[in-house]
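S.K.: Sequence first, predicted model second:
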Amino acid sequence: MKCKYACGSMEHVLARRQFLGGAVAATGTIAGGLGWLTQPAAARRLRKDQKRVLVVNMAGGLSQLESWDPKPKTPTGGPFRAIKTTVPGTELCELLPYTAKQMHLLSIVRSINTRENDHGKGRHMMETGRRPTPAAQYPKLGAVVAKALDDRQSSLPGHILVSNGGGGGRNNDAAYLGPKYASITVGGKPPQDSARPDGLSETIDLQRNNFRRRVNDQFKLRRRTAKTDAYTENYEQALQLMDKREVFDVSKESAKDHDRYGKHDFGKHCLLARRLLENDVTFVQVTHSNYDTHNENFNFHLEQLGEFDQPFATLVADLEDRGLLESTLVVVLSEFGRTPKINPRYGRDHWGTAWSVCLGGAGIQRGAVIGKTNDHGTAVADREVDHGHLFHTYLQAVGLDSTDTFDVGGRPVPLADPAYKPIEELLV
């Protein structure tokens, strides 16, 4: 669906292209270590837990009033009703009937105030847990957990974005953690150029790569740098990925599962996310776009959430049934919410002042509701939290110490913004 209702900002236009089209090839940055997380005892402990993270990004700014925090029969509530869920006393908007049946597995934070109404800045804050600054680049959540939970045994990338047109290209979102932990973008088929050419035998291919490794080893004796290590690492990871290329092929899933998830792109992407998580990919992000509803907010949420609801609920139920939800953090987020005030075009505008996210699995309490907004949803009334609190909470939920530091060139860099703490009452 062509987006005619969005704000039209350059940041939004660029983001939209990324959501729809795929991967931007990126160059490496400085490789860093992870302090205690690289120690053998800690690595064994994390390996045993096999934690994973699934993020569903509701790109453009999902309306909390049409999803997680309905206000029916109020001047700001809009035309939709609230419906009961499997958690007594917790209601969702009627646009989420399937998700309502899974809320005993999930929780809601209804009291977010990031004080940010810009697409790019809001997205940066929710993805990194920090406010943007020209003084530093910070790794996104996927890079942080991919590095922190890396058991050094998986041959698959640990940080994967699922999006239309993704061909396996590497992105530039790991900052000082290095390109090994930057995301790759896939779209439901094996990454491009991941199959050995028909005219190249396995024996010749092995000889070529052995020769490459010998030359690399000789070069490292004289001129080894972080960039040359990253270059070599990329080649080795590409070879490992070729051996498991079919993991990325969602067509290998059964026809029954395709029907359960839906034949549209988001359904296929959720099914692919399940497939990746089952194959121990550490971090998977699926994007559903576009919620930037400055015009016709209610019609577009009716359509968009109608597409989102069943595949997402099916994915949550499948993770629980397969014993994966206990070790998989699931987060449904956006860059901000939408204004309680309905504008003259029947739209809602950008709103970072009082909005919600949904999350569950791993170390998150089930069936909880944290915080609340006032009767009209115009302000947080209880337990205000920010992007920083959420970032700490995500890390704690997968067994990491969010107060720890990265060792970057001998200088400690906080794993998460030290000005914040996790939402303790949301954690098991």
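M.R.: Good, I have the coordinates.

S.K.: Would you agree R52 is in contact with F283?
M.R.: Yes. Assessed by C-beta atoms under 8 Å, R52 is found in contact with F283 at 7.1 Å. No exception for glycine: its C-beta is placed from N, CA and C like everyone else's.

S.K.: which of those two has more neighbours?
M.R.: F283 (29 against 26; other C-beta atoms under 10 Å).

S.K.: quick one: secondary structure of R274?
M.R.: Three-state assignment for R274 (DSSP: H, G, I helix; E, B strand; the rest coil): helix.

S.K.: State whether it and D318 are indeed in contact, as I suppose.
M.R.: Yes. Contact criterion C-beta under 8 Å: R274 and D318 qualify, at 5.7 Å.

S.K.: who's more crowded, these two?
M.R.: A count of neighbours by other C-beta under 10 Å puts R274 above the other of R274 and D318, at 23 against 19.

S.K.: mind listing what the more buried one touches?
M.R.: Going by C-beta atoms under 8 Å, 6 or more residues apart in numbering, R274 touches L315, D318, L319.

S.K.: And the pLDDT at the second one?
M.R.: I take that to be D318. At D318, the model reports a pLDDT of 98.

S.K.: In what element of secondary structure is it found?
M.R.: If you go by DSSP states H and E, D318 is part of helix 297-321.

S.K.: Which SSE is immediately downstream of that helix?
M.R.: strand 328-333.

S.K.: That next one versus helix 297-321: what angle between them?
M.R.: Counting by axes from the mean of the first three to the mean of the last three C-alpha atoms, to 10 degrees, strand 328-333 lies at 180 degrees to helix 297-321.

S.K.: Show me what strand 328-333 is packed up against.
M.R.: strand 52-59, helix 297-321, strand 355-360, helix 387-397 (3 or more C-beta pairs under 8 Å, 6 or more residues apart in numbering; DSSP states H and E).

S.K.: Give me the angle between the longest one and strand 355-360.
M.R.: With the same axes, to 10 degrees defining the directions, helix 297-321 sits at 20 degrees from strand 355-360.

S.K.: same question, the last one
M.R.: In this structure, helix 387-397 runs at an angle of 0 degrees to strand 355-360, with the same axes, to 10 degrees as the basis.

S.K.: which secondary structure elements does helix 387-397 contact?
M.R.: Counting contacts by 3+ C-beta pairs under 8 Å, 6+ apart, helix 387-397 is packed against strand 106-112, helix 119-128, helix 141-148, strand 328-333, strand 355-360.

S.K.: In TSV: those, plus mean pLDDT and distance to Y98.
M.R.: Shown next, in TSV, are these (pLDDT from 0 to 100; distance: least, C-beta to C-beta, whole Å):
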stretch	mean pLDDT	distance to Y98
strand 106-112	98	12
helix 119-128	98	25
helix 141-148	94	26
strand 328-333	98	13
strand 355-360	98	13
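
S.K.: I'd like these laid out as TSV, including distance to D229 and mean neighbour count.
M.R.: Shown next, in TSV, are those (distance: least, C-beta to C-beta, whole Å; neighbours: other C-beta atoms under 10 Å):
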stretch	distance to D229	mean neighbour count
strand 106-112	39	25
helix 119-128	24	22
helix 141-148	15	26
strand 328-333	30	25
strand 355-360	35	27
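
S.K.: Could you export these as JSON lines, including distance to T76?
M.R.: Below are those laid out as JSON lines (distance: least, C-beta to C-beta, whole Å):
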{"stretch": "strand 106-112", "distance to T76": "15"}
{"stretch": "helix 119-128", "distance to T76": "21"}
{"stretch": "helix 141-148", "distance to T76": "31"}
{"stretch": "strand 328-333", "distance to T76": "22"}
{"stretch": "strand 355-360", "distance to T76": "13"}
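
S.K.: can you list the weak-confidence ranges in the stretch 201-350 of the chain?
M.R.: Within the stretch 201-350 of the chain, the stretches with pLDDT under 70 are 226-227, 230-231, 233-243.

S.K.: ok, which stretches of it are helices?
M.R.: Remark: helices assigned in the stretch 201-350 of the chain by DSSP state H, counting those that start in this stretch are 202-223, 226-243, 255-261, 265-278, 297-321.

S.K.: Next, the buried residues of the shortest one.
M.R.: If you call a residue buried by 16 or more other C-beta atoms under 10 Å, then helix 255-261 has these buried ones: R260, Y261.

S.K.: contacting residues around that helix?
M.R.: G267, K268, C270, L271, Q310, P311, T314, L315.

S.K.: Farthest pair within those?
M.R.: Spatially, the most separated pair among those is K268 and Q310, at 13.0 Å (C-beta to C-beta).

S.K.: Looking at the two, which is more packed in?
M.R.: With neighbours defined as other C-beta under 10 Å, K268 and Q310 compare such that K268 has more, 22 against 19.

S.K.: Please look at that one and V250 and confirm they touch.
M.R.: Yes. With contact defined as C-beta under 8 Å, K268 counts as touching V250 (5.5 Å).

S.K.: what do those two both touch?
M.R.: Counting by C-beta under 8 Å, 6+ apart, the contacts common to K268 and V250 are G188.

S.K.: related to what we said a few turns ago, which one of the helices and strands packed on helix 387-397 lies nearest to D407?
M.R.: Among the helices and strands packed on helix 387-397, the nearest to D407 by C-beta to C-beta is helix 141-148 (11.5 Å).

S.K.: No further questions, thank you.
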